[in-house]
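In: when you get a sec, could you give me coordinates for this:
(one chain, ligands or ions: 2)
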Amino acid sequence: MNQTEIRTVCTACAADLTRQDRYRDHDGQYFCLPCHRARLGASAEGPFKEALRQCVFCETWVARPDCHRNRYGEYVCLECRGSGRRWSRRRIVQRRLRHWFVRCRRVLFVLLASVVGLWVAYVVLGKVIELAIPRR
Ligand SMILES: [Zn+2]
Ligand SMILES: [Zn+2]
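Out: Ligands and ions are numbered 1, 2, ... in the order given. Predicted coordinates:
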């Protein structure tokens, strides 16, 4: 299993945040997003999630000053960056595949269409030849 996954709970309401959106402030304390919003006070009405960034490694929401933007345009929280965390092998493969797939979707579609087209042509031609040259 994923060894790097740590059980995190909200500092304010003790909700389990392992599988839930969580925010970490610069002191390293975790909060669920509703508690974080409540802590910000009434002024936090409106698009408050837009002000946050989600770390690509630990998926924690952090304030923009508490994270770093890598060369892929992805945000990495300072804690993950500090620990020199890298993509796991599986995620590297997944990510490459996804990037590649998005880029080549058109090509793949054309390729698939031509394979199907060729196969149909082969079957149809086979029938036509069969009809044209009756077996004895
Ligand atoms: Zn909470
Ligand atoms: Zn992180």
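
In: hey, let's count contacts and neighbours off CA atoms from now on
Out: Noted.

In: part of a strand, is Arg37?
Out: No - per DSSP: H, G, I helix; E, B strand; the rest coil, Arg37 lies outside any strand segment and is helix.

In: distance of it from Cys67?
Out: Counting by CA to CA, to the nearest Å, the separation of Arg37 from Cys67 is 19 Å.

In: these two: who's more crowded?
Out: Remark: of Arg37 and Cys67, Cys67 carries more neighbours, 22 against 17, as counted by other CA atoms under 10 Å.

In: ok, that one touching Val56?
Out: No - counting by CA atoms under 8 Å, Cys67 does not reach Val56; the two are 10.5 Å apart.

In: and for these two, which residues touch both?
Out: Shared contacts of Cys67 and Val56 (CA atoms under 8 Å, 6 or more residues apart in numbering): Tyr75, Val76.

In: how deep is Arg69 tucked in, by neighbour count?
Out: Neighbours of Arg69 (other CA under 10 Å): 15.

In: quick one: contacts for the closest residue to it other than its chain neighbours?
Out: Leaving aside its sequence neighbours, Arg69 sits nearest to Tyr75 (CA to CA, 6 or more residues apart in numbering; 4.5 Å). By CA under 8 Å, 6+ apart, the contact set of Tyr75 is Arg53, Gln54, Cys55, Val56, Cys67, His68, Arg69.

In: wait, the first one sits on Trp61?
Out: Yes - here Arg53 reaches Trp61: they are 5.4 Å apart, a contact under CA under 8 Å.

In: the more surrounded of those two?
Out: Comparing Arg53 with Trp61 by neighbour count (other CA under 10 Å), the higher total belongs to Trp61, at 27 against 23.

In: show me how far the longest helix belonging to the chain is from its chain's centre.
Out: Secondary structure assigned by DSSP state H gives helix 89-132 as the longest helix of the chain. Here the centre of helix 89-132 is set off from its chain's centre by 26 Å, with CA atoms, centre = their mean, to the nearest Å.

In: close to ligand 2, is the host helix or strand of Glu79?
Out: Following DSSP states H and E, one finds Glu79 within helix 78-82. Yes - with CA under 5 Å from the ion as the criterion, ligand 2 is reached by helix 78-82 at Cys80.
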